[in-house]
Every structure is written in C-alpha cells, then in structure tokens.
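Asker: My questions concern the predicted model and sequence given below.
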Amino acid sequence: MKYLRYLLVFVPLAVVAELLEWNPLLIFIFSCVALIPLAGLLGEATEELAIHTGPKIGGLLNATLGNAAELIITIVALSQGQYDLVKASITGSILGNLLLILGASLLLGGLRHGTQKFDRTLTGVSATMMTLAVIGLIVPTLFELLHEINLGRLDVFNTNVNDPALNTLSLWVAGVLIVLYVLSLVFTFRTPQREEHAGVDDHSEEEGAHKAKWSVPVSLGVLAASTIAIVFLSEFLVGAVEPVVESLGVSKLFLGIIIIPIVGNVAEHIVGVQVALKNKMDLSLSISLGSSMQVALFVAPLLVFISLLFGPELTLFFSLFEVVALTLAVFCATLVSVDGESNWLEGMQLLAVYVVMALGFYFTGAVAPG
C-alpha cells in the first residue's frame, strides 16, 4: 500500500490548479487522484488506532470510520446541493463492493489457488443484512413512485421531489436502518471468532502486520490531517463536477456511480484483493460485504439526517434503475457466496455484471434530461 503514497504529489497539484483556476477537468482529475492516497492514509490511521485501543473499541472505530473518506465527499456534495451525485455515490459504492471488489477478489484468488473456501455463516449474515438494507431503499422508492403515478406527474429521472410524506418516511426508515446496523455490531462483537478454514496461509505474517507501526499521537495527527485534506479536495472535486459533465458529455449519475466510489475506496479494494491472493477468503469477503453493508445501513441513513443541516432533506427515493441494480447485485453476491466456496469463473461473472451495469448507467445518464 505504500506505493499509493507517491500519489500524494497530486495534492499540491490539485490545490494549485484550484487556486490558479485551471481547466475544471484538470482540477477534477488531480482531485480524484489525490483523494486515493488520502483515503488510504485515513484508513491506515484508523487501523493503527484500532490496534492501540484493543479489539472491541478498534472494531467500533473501523465500523464507524471504515467509509469516512466517502462520507466526507458526500457531505461536501450535500452542502453544495448535489443530491443526485450523493445518491449515485451511495449506489455506486454498494455495487462496487458487491460486484467489482468481490469479483476481482474471487477472480484473482481463484486463478492462484483454484477453489477457495470460506465461512458460509459469515456470508449468510452479511447477505441477509444487505437484503434488508435494500428493502429499506426499495420501500421509499416504491412509495414515491406510486404517489407520483397517482398524481399523474411521474418523472422517472427526477428523484428530488418535495413530498412531506416521503421526507417523514425516509427519516423513519433511516432510523430503523441505523438501529439495525448497531444491532449487527453488537452481534459481531458478542459472537466468538471462528477459526480460518483449512488451506489458509500461515498467520504469522498477519500477526506481525497487526503490530502498531505508529504511536497514538501520530495516528491521530495523520487522521486529522488526512480528514482536513479530504474536505478541501472534496470541495474542489464537487465544484468541478458541473463543468466536467458538460465537457465530457457524461452524466452526474455515471460520475457518482462509477468514478467517485472508486476514488474513495481504492485502498480498501486493493486490500480485499491482496488478502484473497493470500487465500484468506473470510477476511476478503468481510471487507467487500462489510463495506457495502456499512454504506447501506450506516452511511446512507446518516446522510439523511445530516442533510437536515443544509436545507432540503435527502430522501431514500432512488431511481428505479438504481434500486433494481442494487437488488440484482445483492442477489448475485448471495448466489456466489451461499455455498461457502468460490472459483475464478464466479469472480469473472460478478465483474461482467458490474461492466453491464456500468454501461447501463452510462447510457441511461446520456438519455436523461438535463
């Protein structure tokens, strides 16, 4: 992961580009690349603090700060009224974890080790939680679609509507999802650790890696510095979205679903693939499934409440295409993981589904008005 730090050179480049008002496309590219190592540093600082604080508090830190970089980016987008971008980012993050990172992990791990085994109980719980999370997104969407049809003003491309009933429903559903997420943490912390499956590599290397490299002050300093830097770069990134959309001819939907989630999660994606290459599939699946569950049950509901600080409320009314894509992604990930073993072909299948969905969102954004 240290090689990602070379990308930190793009942080001053992004600042200079913003201050000197360079081409918005350059500002967007520099900000995207600079956010990758910063997100990695943020995650590394969180891991270091988790080692110092012990497994229980450390687990809570990882559970709350695991998607901190993406949360910061979406909060900045909320403050600038980019609600479509925020919803697309939520959708894209879940799809990326369930299809892209899981698919790449199964593909590369399978090519190196053949058939790989993992704990079916772990994946079963995660799959169930993701199904419940998607239900939490489907219900407000179906409610508003039926309401719009009843009023005769349905616009399938517009999810920013002023409906007091939808606002109230979204707040209640968001509250339920957060409670469900907290209960899942309680369950995880109170459930004894299971042994890794046969065929998993020796743990001596992993145990060595879990010795703290940074002191608590250094970890806190890196955490604070990377957070501040991510806030500023997120401002640059979101501010350049409109000109980039116009110059490249792509939609906010595509940028939010494909580009921004990858930028915020590259470091985590690399770790998930690396541990799969080491035949540690329980850990690899916990990264991909756990991150998607955190976005759906914690980040998305939290953004609903945070949006109350900025004026118009962010609702859980997603486009029909997004909801269908999320449902299919959860279904595919569940099918692949239900038998407790995987191979490279299953990884390729997940990647193929991701590519098909990315193409679908690209062309959907192209035909959407405005």
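Answerer: Happy to help now that I have it.

Asker: quick one: contacts for residue 262?
Answerer: Counting by Cβ atoms under 8 Å, 6 or more residues apart in numbering, residue 262 makes contact with 92, 96, 100, 269. C-beta coordinates here come from the backbone N, C-alpha and C atoms, glycine included.

Asker: Quickly note the distance from it to residue 39.
Answerer: According to Cβ to Cβ, to the nearest Å, residue 262 and residue 39 sit 10 Å apart.

Asker: same question, residue 117
Answerer: Note on residue 117: its distance to residue 39, by Cβ to Cβ, is 31 Å.

Asker: of these two, who's got more company?
Answerer: The neighbour comparison of residue 117 against residue 39 (other Cβ atoms under 10 Å) goes to residue 39, with 25 against 18.

Asker: Am I right that the more buried one is in a strand?
Answerer: No - counting by DSSP: H, G, I helix; E, B strand; the rest coil, residue 39 is not part of a strand but helix.

Asker: Please tell me I have it right and it contacts residue 229.
Answerer: No - using Cβ atoms under 8 Å, residue 39 makes no contact with residue 229, being 10.2 Å away.

Asker: Can you list the low-confidence ranges for the stretch 1-150 of the chain?
Answerer: 1-2, 54-66 (pLDDT under 70).

Asker: Now do the helices in it.
Answerer: Using DSSP state H, counting those that start in this stretch, the helices of the stretch 1-150 of the chain run over 10-19, 24-53, 55-65, 68-79, 83-95, 102-113, 120-151.

Asker: of the contacts of residue 262, closest to residue 29?
Answerer: Closest approach to residue 29 among those (Cβ to Cβ): residue 92, at 18.2 Å.

Asker: Excluding chain neighbours, what is closest to the closest one?
Answerer: Distances taken as Cβ to Cβ, 6 or more residues apart in numbering place residue 257 nearest to residue 92, at 3.5 Å, with adjacent residues excluded.

Asker: how many neighbours does the one you found have?
Answerer: As a burial measure, residue 257 scores 32 neighbours (other Cβ under 10 Å).

Asker: secondary structure class for it?
Answerer: Secondary structure, three-state DSSP: residue 257 is helix.

Asker: and it, what is it in contact with?
Answerer: By Cβ under 8 Å, 6+ apart, residue 257 lies in contact with 88-89, 91-92, 95, 322, 358, 361.
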